[in-house]
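# Predicted model follows, preceded by the sequence.
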Amino acid sequence: MARLYEYQGKAILARYGIKIPRGKVIDTRNELVDLLGEIGLPVVLKGQLWITGRKEKGAIRFADTQGEAEAALSDLLQMTIGKFRIEKVLVEERIDVERECFAGIVIDDEKKSPVLIFSPEGGSGVEAKGGVSRVIDPLKGLARYEVVELIKSAGITGRSLTSLSGLIHKLYSIMREYDARAIEVNPIALTKRGDAIALDCHITIDDYAVYRHPDLGIEVAREFDRPPTELERIAYKVEAKDYRGTFYFFQIVDQIPADGRHIGFHGAGGGGSMFSMDALVKEGYQIANFCDTSGNPPASKVYRAAKIILSQPNIAGYFASGSGVASQEQIQSARGLVKAFLEEGLEIPAVIRLGGNMEEEAIRILKESLSGIPAEVEGYGKDDPPEFCAQRLKALIRPGLFHKIRPFSLPEPFPYGFETFSGILSINHDLCRNCDHKGCIESCRYGILKLEDGVPVLALDPELVKKGRCIECLACEQFCHFKGKKAIRIILPIPGLSEYRERLIDGNTD
């Protein structure tokens, strides 16, 4: 789930006519002075974080004077909680509260429906305070009278009942419009006049619906407890535009020390990946990152995942292991890894466990294609448990040998070529004419290439190929590389990675 900051959630509430305190999100003293001239004092200053319990962690401050407000803003903008550095502060008028309560709607996976939850008490620890709930039929929606009945059962009456039910009823419309998985308003302030005002708001958006809401400015459709790192942003750009299989990348260690204990991890399937990571930890290693390429991704996507994993300096080894009975074609993973390892001139050892469909062929591809690189690479299948594979990696790791970042640049395409789903397939026909094999045609299972005047050319409508008819399996390129004249070049961009690596290199010139 993709989280919104409080100020983003409140902006949505305001669009629907829900009352929120006057205020603004700021990050400078001058903005604060201007804002205080508009809303006056006293104020509350709230660091914008994706965490709960901000008050207890010191990320919410109260100020009665301008001096107190300026000091609080300065403190907050220097605060880091866990891995989350506060970069923006929401400053709002302080509301005279007579009573606080809580309301939220969450998707209940077990009930397969949204559930409205209300508590007549709000604030921290609301989970233990009790309340009432109602399952919402997604086909019928939520009627205003149903909300009134629910909060009346919790003891709310009078003017507060009217204003509160109006606020809560609008939450369901917000949830539907924004494809939210959860929306919580805690606390809702009830004033002496009976007005209901949203003092805080947390909204999470379904990962798969983020593309429908570009106005929200969500960088990465993942549930983080911190802002995404630059490398995670680069990785997500791959997944955001490529529906073929899943690619998930998460940095566990941002700056990896050269201690020989950190491993670049590449999984396939959540459960199998957890077992594999546990096996590494039992051998005394730490996981530098979590990565998952599952759901039968093409070789091009596995290649990009490997290149991103190998954009982490100082990892001592590369461990790929996930489900032992995956239905996805393991030759896709093997070819993607081969292309990445060849380009990197990989030096650190790698153990690759490719259990499942076509695993024997995948292991053969790894063994035959990577025998010439500096690194020791071993391939295993479903009958080789993660514990054994982790032990093999431990045996291969050499003290003092760490992965070094190299520049990432795209080669120039050959004269003849065409666009694929996410890249360019180019061919040097001058080299092809001197090739006796022509095996690139047979290696292409999808009939993308054909021979014409003795050279390979596109056999299908270019638009079909661009839309995904060529699945970017890399088979033709690798056949030509090892058995032909190196006349086929498949270019697969990774936006932002070249600049990212250059900055790493410039910062580690020693």
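It's in. Numbering: from 1, shown residues only.

# Can I get stretch 254-263 in PDB? Just the C-alpha atoms.
Included here for stretch 254-263 are C-alpha records, laid out as PDB according to Å, rounded to 0.1, in the frame of the first residue of the first chain:
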ATOM      1  CA  ASP A 254      21.500   2.000   2.600                       C
ATOM      2  CA  GLN A 255      25.200   2.400   3.100                       C
ATOM      3  CA  ILE A 256      26.800  -1.100   3.100                       C
ATOM      4  CA  PRO A 257      30.100  -1.400   5.100                       C
ATOM      5  CA  ALA A 258      33.000  -3.300   3.600                       C
ATOM      6  CA  ASP A 259      32.800  -6.000   6.300                       C
ATOM      7  CA  GLY A 260      32.300  -9.100   4.100                       C
ATOM      8  CA  ARG A 261      28.900  -9.800   5.800                       C
ATOM      9  CA  HIS A 262      26.400  -8.200   3.400                       C
ATOM     10  CA  ILE A 263      24.800 -10.200   0.600                       C
END
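
# Show which residues not belonging to it make contact with it.
83, 229, 253, 280, 284-288, 312-319, 393, 397, 399-400, 402 (C-beta atoms under 8 Å, 6 or more residues apart in numbering). Glycine gets a C-beta too; all of them are placed from N, C-alpha and C.

# Sort out which of those residues are in strands and list them.
286-287, 317-319 (DSSP state E).

# Quick check: the farthest pair among these?
286 and 318 (14.2 Å; C-beta to C-beta).

# okay, those two: which has more neighbours?
Set residue 286 next to residue 318 and count neighbours by other C-beta atoms under 10 Å: residue 318 wins out with 26 against 17.

# Just the buried ones from the contacts of stretch 254-263?
229, 280, 285-288, 312-319, 393, 397, 402 (16 or more other C-beta atoms under 10 Å).

# Work out which residue lies at the spatial centre of the chain.
By C-alpha atoms, centre = their mean, the chain has its centre lying nearest to residue 222, at 4.2 Å.

# my guess is it contacts residue 239, does it?
No: Residue 222 lies out of contact with residue 239 (C-beta atoms under 8 Å); the separation is 9.3 Å.

# Now for the two: what residues contact both?
residue 248.

# Just read off the phi/psi values of residue 9.
Note on residue 9: its backbone torsions stand at phi -60, psi -40 [degrees, to the nearest 10].

# now it, nearest residue through space, not along the chain?
residue 201 (3.6 Å; C-beta to C-beta, 6 or more residues apart in numbering).

# neighbours around the one you found, how many?
For residue 201, using other C-beta under 10 Å, the count is 26.

# Give me the phi and psi for it.
According to degrees, to the nearest 10, residue 201 has phi -160, psi 130.

# Ok, residue 14 next?
According to degrees, to the nearest 10, residue 14 has phi -60, psi -30.

# show me what contacts it?
residue 20.

# show me what contacts the residue nearest to the centre of the chain?
Applying C-beta under 8 Å, 6+ apart to residue 222 gives the contacts 2, 207, 228, 232, 236, 248, 250.

# Under a three-state scheme, what state does it occupy?
Recorded secondary structure, residue 222: coil (DSSP: H, G, I helix; E, B strand; the rest coil).

# State whether residue 169 and residue 147 are indeed in contact, as I suppose.
Yes: with contact defined as C-beta under 8 Å, residue 169 and residue 147 form a contacting pair (4.8 Å).

# so residue 190 touches residue 96, yeah?
No: using C-beta under 8 Å, residue 190 is not in contact with residue 96, being 10.7 Å away.

# Settle it for me: which of these two has more neighbours?
Neighbour totals were compared for residue 190 and residue 96, and residue 190 leads with 24 against 9 (other C-beta under 10 Å).
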